[in-house]
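Undergrad: What follows is a predicted protein model with its sequence.
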Amino acid sequence: MAAKIFIDGEHGTTGLQIRTRLAARRDIELLSIPESERRNEKMREDLLNSADIAILCLPDDASKQAYEMTAANNNVRLLDASTAFRVHPDWAYGFAEMDRAQKEKIRSARYVSNPGCYPTGAIGLIRPLRAAGILPNGYPVTVNAVSGYTGGGKQMIAQMEDQSRPDAITANNFLYGLTLKHKHVPEMKVHGLLDRAPLFSPSVGRFAQGMIVQVPLFLDGLKEGTTIEAIHAALVAHYAGQDIVRVVSLEESAALARVDAEELVGQDTMKLFVFGTAGGAHVNLVALLDNLGKGASGAAVQNMDLMLSA
Ligand SMILES: NC(=O)C1=CN([C@@H]2O[C@H](COP(=O)(O)OP(=O)(O)OC[C@H]3O[C@@H](n4cnc5c(N)ncnc54)[C@H](OP(=O)(O)O)[C@@H]3O)[C@@H](O)[C@H]2O)C=CC1
Ligand SMILES: CC(=O)N[C@@H](CCC(=O)OP(=O)(O)O)C(=O)O
């Protein structure tokens, strides 16, 4: 029997992309709410409780409300794209490649939290180095990133694309999160296995989709004797045996003149690079992804498939 899937928020940016990815699937039955009724609480509650898996593509408060609406129903499982439950102990974190046990946790969980786009890149780079003992306690980790403007959802898309709006954004590239209190920091700390919160500085560029996340490191602050080759080898070992996260070879990285934030648009994979020079003092770890691919909707479909395979 086809599994019943309801995307609460299906008319928003993340929801629409999930719907597109699922449109041709015969193994699932998509339950749908008309766009004009998207905030009709009674209809949402009925649809949520009719689903086998409800994928929540909503702001945090509405996700929490959907959780309440389904709390008494043991049939429905939730996959939430918001920030609401990403460090909650009862929720499995939906980054299957982050360690060997995670796939199984997602497969068997009732509640799965889809990672944030920036944390997918940051955790993807940091966690393997913490797990391998390369990145010591107390290291002051910094994360710098640029996102396509769809990362800001319907509102930012309108602000970037419609210059006649009173709240139009005219900048081609801007920094934000200037208070250094971005909602993704707790998730980077917990799932990055860090003992200190990272300093996170995000930015947006005038391109719809795509993302670069950078974690620059001083080698003399890492485990004694750590080289660029050792860092690369730790990432390669961590991601062996799967094809979603690809660690680019040192030779290929060294031959690049630039990294294009839009390279992986439309793909649900992520590339990791280690930049620097053999014998040098610094490395720059870089993650490249589509904020709506592995950063949101692509990861959600991957997690849904894992949940359905239980
Ligand atoms: N865009 C991205 O790159 C990523 C987004 N996310 C997260 O996914 C979630 C959705 O984001 P995104 O798709 O970008 O946002 P959008 O604003 O594009 O879409 C959100 C959708 O949810 C609807 N909605 C808002 N409030 C309610 C409510 N109370 N009840 C029912 N429906 C409601 C909106 O309707 P209306 O039009 O009426 O407001 C809209 O259709 C957020 O938590 C976001 O942080 C996660 C990773 C990446
Ligand atoms: C460009 C932009 O505004 N991006 C969003 C994050 C997008 C995302 O991943 O949001 P969730 O954490 O809700 O999943 C932001 O910085 O708030």
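TA: Alright, I've got the coordinates. Ligands and ions are numbered 1, 2, ... in the order given.
Undergrad: In contact with the nearest residue to Gln209 once chain neighbours are set aside, which residues are there?
TA: For Gln209, ignoring the flanking residues on the chain, the nearest one in space by Cβ to Cβ, 6 or more residues apart in numbering is Gly148 at 4.2 Å. C-beta coordinates here come from the backbone N, C-alpha and C atoms, glycine included. Going by Cβ atoms under 8 Å, 6 or more residues apart in numbering, Gly148 touches 204-205, 207-211, 261-262, 265, 290-292.
Undergrad: Specify the beta-bridge partners of Gly148.
TA: Beta-bridge pairing for Gly148 (DSSP bridges): Gly205.
Undergrad: burial count for the residue of the stretch 201-310 of the chain found nearest ligand 1?
TA: The minimum distance from the stretch 201-310 of the chain to ligand 1, using Cβ to the nearest ligand atom, falls at Ala296 (3.4 Å). Residues contacting Ala296 under the criterion other Cβ atoms under 10 Å number 27.
Undergrad: So what's the residue count around Glu68?
TA: Glu68, neighbours per other Cβ under 10 Å, totals 10.
Undergrad: quick check, it in a helix?
TA: Yes: remark: Glu68 belongs to a helix, assigned using DSSP: H, G, I helix; E, B strand; the rest coil.
Undergrad: Against ligand 1, how distant is it?
TA: Look at Glu68 and ligand 1: by Cβ to the nearest ligand atom, to the nearest Å, they are 12 Å apart.
Undergrad: again, but for Ile157
TA: 7 Å.
Undergrad: you'd agree that residue is up against Gly12?
TA: No: contact between Ile157 and Gly12 fails when scored by Cβ atoms under 8 Å: they sit 10.1 Å apart.
Undergrad: what sits in contact with each of the two?
TA: Counting by Cβ under 8 Å, 6+ apart, nothing touches both Ile157 and Gly12.
Undergrad: residues from this structure in reach of ligand 1?
TA: Counting by Cβ under 6 Å from any ligand atom, the residues of the chain close to ligand 1 are 9, 11-15, 38-39, 57-59, 62, 81-82, 116-117, 150-151, 153-154, 291-292, 295-296.
Undergrad: Now stretch 108-126: buried residues?
TA: By neighbour count with 16 or more other Cβ atoms under 10 Å, stretch 108-126 contains the buried residues 109, 112-126.
Undergrad: didn't Ser309 look like it was pressed against Ile106?
TA: No: at 9.7 Å, Ser309 does not count as touching Ile106 under the criterion of Cβ under 8 Å.
Undergrad: Could you pick out the longest helix of the protein?
TA: helix 117-131 (DSSP state H).
Undergrad: need the contact list for the residue lying closest to Gly151 once chain neighbours are set aside.
TA: Distance criterion Cβ to Cβ, 6+ apart; nearest residue to Gly151, sequence neighbours excluded, is Asn291 at 4.6 Å. Neighbouring residues of Asn291 by Cβ under 8 Å, 6+ apart: Cys117, Ser147, Gly148, Thr150, Gly151, Gln209, Gly210, Met211.
Undergrad: Leaving out chain neighbours, which residue sits closest to the first one?
TA: Nearest-residue entry for Cys117: Gly295, 3.0 Å, with adjacent residues in sequence omitted and distances by Cβ to Cβ, 6+ apart.
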